[in-house]
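> Predicted model and sequence below, questions to follow.
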Amino acid sequence: MLLVVADRDLASEQAGMAIETVLGGLRRAVPDVVTFTEPGIGATGSARQPTVMVLDDTVPSNEMAGAVAAAAEVLCIAAEAKPGIKENLGIGTRTGRSKPLWLVLVAEERPDTALTAHLVGAVKVYWTPPKPTRLSAGRLAGLGKKLSAAAAVAPVSDVLDVASWNASAHAAARRRLEGLLAADDVEEYQIMGDRHMVVHYSNNTRMVVDSPFVSEQEMMETSRHLAAFGGPTSQRFDPLDPRVDMQIAGRWRLHAEGHVISPPTMVLRSNWAGKISIHDLGVCDYRLGRVLIEAVAGQVRANMVIAAPMSGGKTTLAQALLGEVPETERIDTIEDTPELKLLEYRIHMQSYERLTRDPNNDGFGKFSMADHIRDAKRSNSDKLVVGEVRGEGTMALLDAMSSGLSGCLVTIHAHPGRGVLDKLIAYASSEGAELSYSRQQIAGAVDLLVWMGRDEEGNRVVGDVTQIDGFDEATGRISTRCLWRRVPGRKHAIPVAWPDGRIEELYGSAGVAEDLKEEIAAAQAQAPPPVDGQMALEDAVTATPSLSRGV
């Protein structure tokens, strides 16, 4: 690869004229030459073609070092021969890289080219006036032909060069995504190779636009360099490990897949973790926000299940609430895939991230949610947080939550209302427990069910908050009451019933009891008579709820 560097002190028009003249001569020798204007991922895919990279000397030093590392020879276009030009470009003997340097001077007066070449250590110095003559243009074209052999040399030659090249390639990979990552009104990008990209906006609208990648190879190389150099630890992205998950640019989670899927895909999901409170999220009435914070971090606490469909905002809400927990308390998070990342996002500095692990091919090495719950209890954890409950370990979790731990938080994918309880019951029963016993354990462990939905404009909101009152041994059912529900035309859920027991104490501790009593009394006075006590909770999202229900 040939590297062409333009001096910042040379007028861009003059530098461009000289570069085009050299490249014109080079193209006559190798017509299929490929030209790039930034270091990084593109050139790695063109190793079989003659390659020229054109930069100016204002690029960051690490990226210049990567470009120099990949080049076979270097051509500098300048207004004057500056002292130490080779060292400034990183090709002096002290850098450990010896690269042939050619110099083109664009100046009114002709210098002593032989002496200049000797002083700066160049192979040869060429001169052209700002307005080139036929003779000077012919010399530059001839230089281009000479450098065609350097352009045909594949990038990267030794271990030191590979490190610098990869570092600059990672920087270029990040730049490919910078425009996307800067958007503050986007929740997710779904990139389908070089075909198109679906943009999910915060208001739940979607738009199909062009992919930011010009080829599938470019997308794969971007994913590979981000995986290798974009995180605290290097990850593979190759046919043997065809997916990568990582955090980039602070609030974005990247998931990429290739090799086993066609076309390759990249998903970028926004996460405002550590940068936003529940009130900033705007998902609920400020009084309900105080209730939820009190449940997780206050004096009177309650165990809570947050449910939502895919991309419904469970993780973001959980992070906002956990950010209110005093730093002196220990939080243990248990997940299959790390998403909460309380320590990494600096949400809570006394948190421990626990990940479940599947067995290896020989059947060994499994570490389940139940294993982590047992160890967290032995570590005297103040709070358990389980992200994405999926079945195994549910009974161990319920046992821990009903054995003295309060303010615990669980997230789950579920439909609104009764769907949340149905999912919990199914998970608990899947471990062999009788249906009635599963319900009894849930009633003893869980205090509040919070369901996240969308309003008419597509914004995330808390759509339903239900209290679990207890377990009726006679009927074998869980009794519940809807405390907050969202009605059409209202931005946030409104209070519709007064709580009892622990949650009534929690309202008082949160400082919202007096404010809500009158509003709830007025709402109940206008409500129609209670319906069947076993009304499904999803009905409560659109209908006036009863004050007591059974599931």
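That came in fine, so what should we check first?
> burial measure for Ala302, as a count.
Ala302 has 24 neighbours, counted by other CB atoms under 10 Å. For every residue, glycine as well, the C-beta is placed using N, CA and C.
> List the contacts of the residue lying closest to it once chain neighbours are set aside.
In space, Ala302 comes closest to Asp447 once its chain neighbours are excluded; the distance is 3.7 Å by CB to CB, 6 or more residues apart in numbering. Counting by CB atoms under 8 Å, 6 or more residues apart in numbering, Asp447 makes contact with 295, 302-304, 467-468, 502-503.
> What are the buried residues along whatever helix or strand Leu140 lives in?
Secondary structure from DSSP states H and E places Leu140 in helix 134-146. Buried residues in helix 134-146, counted by 16 or more other CB atoms under 10 Å: 136-137, 139-141, 143-146.
> can you check stretch 112-124 too?
113, 116-117, 120-122.
> and which of the buried residues of helix 134-146 is nearest to Thr205?
Gly144 (50.7 Å; CB to CB).
> if we can go back for a sec, remind me what the helix holding Leu140 packs against, helices and strands.
Contact partners of helix 134-146 among helices and strands, from 3 or more CB pairs under 8 Å, 6 or more residues apart in numbering; DSSP states H and E: helix 12-29, strand 101-106, strand 124-128.
> separation between the residue nearest to Ala302 and Leu409?
11 Å (CB to CB, to the nearest Å).
> Quickly list what's touching both of those two.
The overlap between the contact sets of Asp447 and Leu409 (CB under 8 Å, 6+ apart) consists of 303-304.
> following the lowest-mean-pLDDT helix or strand in the chain, which helix or strand shows up next?
Sorting the helices and strands of the chain by mean pLDDT, DSSP states H and E puts helix 41-44 at the bottom, at a mean of 50. Heading C-terminal from helix 41-44, the first helix or strand you meet, by DSSP H and E, is strand 51-56.
> Quick check: mean pLDDT of that next one?
Averaged across strand 51-56, pLDDT comes to 89.
> mind listing what's buried in the next helix or strand after it?
Using DSSP H and E, the next helix or strand after strand 51-56 towards the C-terminus is helix 61-70. Buried residues in helix 61-70, counted by 16+ other CB under 10 Å: 63-70.
> Which one of those residues is nearest to Val54?
Using CB to CB, Ala67 is the member of the buried residues of helix 61-70 that lies nearest Val54, at 9.9 Å.
> Give me the residue ranges of the stretch 401-550 of the chain where confidence is low.
The stretch 401-550 of the chain contains residues with pLDDT under 70 at 417, 527-550.
> Spell out, range by range, the helices that occur in it.
For the stretch 401-550 of the chain, the helices defined by DSSP state H, counting those that start in this stretch cover 418-429, 435-445, 501-510, 513-526.
> now these as a markdown table including mean neighbour count and distance to Lys131?
Converted to a markdown table, those look like this (neighbours: other CB atoms under 10 Å; distance: least, CB to CB, whole Å):
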| stretch | mean neighbour count | distance to Lys131 |
| --- | --- | --- |
| helix 418-429 | 21 | 77 |
| helix 435-445 | 20 | 84 |
| helix 501-510 | 18 | 78 |
| helix 513-526 | 13 | 80 |
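> Distance to Val461 added to those, as JSON lines?
Converted to JSON lines, the helices of the stretch 401-550 of the chain look like this (distance: least, CB to CB, whole Å):
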{"stretch": "helix 418-429", "distance to Val461": "16"}
{"stretch": "helix 435-445", "distance to Val461": "25"}
{"stretch": "helix 501-510", "distance to Val461": "20"}
{"stretch": "helix 513-526", "distance to Val461": "18"}
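> closest one to Gln350 among those?
Gln350 sits nearest to helix 501-510 of all the helices of the stretch 401-550 of the chain, at 22.5 Å, using CB to CB.
> So which of the buried residues of helix 134-146 is the closest to Ala510?
Minimum distance to Ala510 across those is 74.9 Å, recorded for Gly144 (CB to CB).
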